[in-house]
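> next come a sequence and a model predicted from it.
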Amino acid sequence: LLETAAELGGKLGGTVVDGRVHEHGYHFFTDYCVNLMDVVAKLGLEDLFEPREAIKFLWRGQFPAMRELRNPTSDRYFWHNAYHGPVAWEHWVLYVYSILDLLLAEFQEADFLDLVTVNGYLASKPYMTVDAALLHQQSLLKTLSLASYRAAICSYQRWMRYPLPYPEPMMRVMRRNSLDGFIRPFAARLRELGVRISCETSAQRVVLKERGGVVITAGAGERRAEVGAGVEFDGLVIAVPLEQLSALLDDALFAATSRVRRNGLGEPPPLANVRELRSAAMTSLDIQFRHRIPGMPKEHITFLQSEFDISCIDLSQLWDVGEETYINAVATDVRTQSGLSQEYRVKLLMDEILAYLGQRPEDVASVHYRSNEEAPLFLNEVGSWHDRPEVYTAIPSVVVAGDYVRNAFGIASVEGAMMSARQAALCM
């Protein structure tokens, strides 16, 4: 197992700076992430996850007064959400009705006429209102970092089907950071099973042999020592981010994966089609305050009408990080910050965060900023399904895994990556 970073984890992991773990951004998990929860159970980590029943909504200048949605897929809270949610009750009713309407619709990713955005689909409904449509927009931005006028309706429908059998709790969050709580125990278990893990080692080239085997040339840090040089493997699972997969496609691999493989599974799109897929970074800030902020809830907070679509969670009410408020804030729409200095990006984001939370710059002890430009999220845009690779490729000994690979879950997520990984193991 070759890993480019110092530790396993990818976007679910974290980096250690001055003794503190900083994640890619806050994480939340749901009971319908059955593949992830199966691994959690095998590791005996069920107690790591704490249920969360609601999400808060905050208007600028109104802290600590907030609206909330509580277990929105549970019929027990339908009227609670109608009168305590972020929109008037009539818009909430139309929002729920539009979800039921969507679940009954028939879409096919391969059908040209079904290449429709979420917003385009909603606009076709005579009952739809702007406020009801904006609830769909909020859901997409927080989950996929993608606006409803760019998101594919087919992928959105796939995702919306999963929560219905699991109405409560709304989500679960980790009581520890993901690196210490999940990734390191997971890596330890792999080593117990005999897996050889080489960190700080990136694959440089995949060489295909005539008999179907695979040789990997890899560099280890600055030494660029070859790992497994000359060793012919029977099979290879490429489980790298979208942009790294594109970089591995040299002349030979491009040509080999462009051939049609007829084996009863269908015809996978050429692997080079991943270069048509797009991704975007979600910026993350870990903010340590000098005091505990009165009225700060334990639930996630969505900043309504935020310029950078910011949301946050108070980690000091979840992790053992001290009494003073310590939050992680994520900005999912930072396109206008492209080309700006890091210092100015941080200022823009902090100005907005402090304005929503009613705090002053002198109340902040420290800020850790992550642009995450080196680890962007795959975007489930309209038409992307046609270019997403299958798990299997035209090379029998090479399979692909990742949240951008076609899978039943549909959207870019930990569960989508886990689902594709199990499919890759079965193919292998």
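Cool, got the structure.

> contacts, neighbours, all on C-alpha from now
Noted.

> quick one: contacts of the strand or helix carrying residue 253?
According to DSSP states H and E, residue 253 maps onto helix 251-256. The contact list for helix 251-256 (CA atoms under 8 Å, 6 or more residues apart in numbering) reads 206-208, 271-272, 394-395.

> can you name every helix or strand that the next helix or strand after it contacts?
Downstream of helix 251-256, the first helix or strand assigned by DSSP H and E is strand 279-280. Judged by 3 or more CA pairs under 8 Å, 6 or more residues apart in numbering; DSSP states H and E, the packing partners of strand 279-280 are strand 377-378.

> let's see if you can find the most crowded of the contacts of helix 251-256.
Most neighbours among those, by other CA atoms under 10 Å: residue 271, with 25 neighbours.

> wait, what's in contact with that one?
Contacts of residue 271 by CA under 8 Å, 6+ apart are 254, 257-258, 389, 393.

> greatest separation within these: which pair is it?
The span of the contacts of residue 271, defined through CA to CA, is set by 254 and 389 at 13.2 Å.

> so which helix or strand of the protein has the lowest pLDDT on average?
Counting by mean pLDDT, DSSP states H and E, the chain has its least confident helix or strand at strand 214-220, which shows a mean of 68.

> which of the residues in stretch 239-255 are buried?
For stretch 239-255, a neighbour-count test (16 or more other CA atoms under 10 Å) marks 239-243, 245-246, 248-249, 253-254 as buried.

> now the contacts of helix 251-256 as JSON lines including distance to residue 405 and pLDDT?
Formatted as JSON lines, these follow (distance: CA to CA, whole Å; pLDDT from 0 to 100):
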{"residue": "206", "distance to residue 405": "19", "pLDDT": "82"}
{"residue": "207", "distance to residue 405": "22", "pLDDT": "80"}
{"residue": "208", "distance to residue 405": "22", "pLDDT": "80"}
{"residue": "271", "distance to residue 405": "10", "pLDDT": "85"}
{"residue": "272", "distance to residue 405": "13", "pLDDT": "86"}
{"residue": "394", "distance to residue 405": "15", "pLDDT": "81"}
{"residue": "395", "distance to residue 405": "16", "pLDDT": "83"}
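
> so which of those is the closest to residue 346?
For these, the residue nearest residue 346 by CA to CA is residue 272; the value is 36.1 Å.

> now do the helix holding residue 253, average pLDDT.
Mean per-residue pLDDT for helix 251-256: 82.

> related to what we said a few turns ago, closest one to residue 276 out of the contacts of residue 271, please.
Distances from residue 276 to these, taken by CA to CA, are shortest for residue 389, at 11.0 Å.

> what sits closest to the closest one if chain neighbours are left out?
Nearest non-adjacent residue to residue 389, counting by CA to CA, 6 or more residues apart in numbering: residue 405, 5.2 Å away.

> any idea how far the one you found lies from residue 380?
Distance of residue 405 to residue 380, given as CA to CA, to the nearest Å: 11 Å.

> secondary structure element for residue 353?
Per DSSP H and E, residue 353 falls inside helix 342-357.

> and for that helix, what's in contact with it?
Against helix 342-357 from outside (CA under 8 Å, 6+ apart): 58-64, 303, 306, 308, 310, 331, 337, 360-361, 369.

> for the residues you listed, which entry has the maximal number of neighbours?
Highest neighbour count within the contacts of helix 342-357: residue 310, with 26 neighbours (other CA under 10 Å).

> partner residues bridging the residue nearest to that residue when sequence neighbours are not counted?
Of all residues not flanking residue 310 in the chain, residue 331 sits nearest, at 4.4 Å (CA to CA, 6+ apart). Bridge pairing for residue 331 (DSSP bridges) gives the partners residue 283, residue 310.

> surely residue 331 meets residue 303?
No - between residue 331 and residue 303 there is no contact under CA atoms under 8 Å: 10.1 Å.

> okay, and the common contacts of these two?
309-311.

> kindly indicate which of those lies nearest residue 76.
residue 311 (26.1 Å).

> OK, contacts around that closest one?
For residue 311, the contact set (CA under 8 Å, 6+ apart) comprises 142, 300-303, 329-331.

> model confidence at it, what's the number?
So residue 311 comes in at 96 (pLDDT).

> need the nearest residue in space to it, chain neighbours excluded.
Leaving aside its chain neighbours, residue 311 sits nearest to residue 302 (4.4 Å; criterion: CA to CA, 6+ apart).

> likewise for residue 279?
Distances taken as CA to CA, 6+ apart place residue 378 nearest to residue 279, at 4.2 Å, with adjacent residues excluded.

> what pLDDT does the one you found get?
In this prediction, residue 378 carries a pLDDT score of 89.

> do the same with residue 262
For residue 262, pLDDT reads 43.

> could you measure from residue 237 over to residue 214?
Noted for residue 237: a distance of 11 Å to residue 214, by CA to CA.

> likewise for residue 322?
For residue 322, the distance to residue 214 (CA to CA) stands at 50 Å.

> neighbour count: these two, which is higher?
residue 214 (20 against 12).

> got the contact list for that one?
Listed by CA under 8 Å, 6+ apart, the contact partners of residue 214 are 206-208, 232-236, 397.

> dump these into a markdown table; add secondary structure and distance to residue 162 as well.
Formatted as a markdown table, the contacts of residue 214 follow (DSSP: H, G, I helix; E, B strand; the rest coil; distance: CA to CA, whole Å):
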| residue | secondary structure | distance to residue 162 |
| --- | --- | --- |
| 206 | strand | 37 |
| 207 | strand | 40 |
| 208 | strand | 39 |
| 232 | coil | 41 |
| 233 | strand | 37 |
| 234 | coil | 36 |
| 235 | coil | 33 |
| 236 | strand | 31 |
| 397 | coil | 32 |
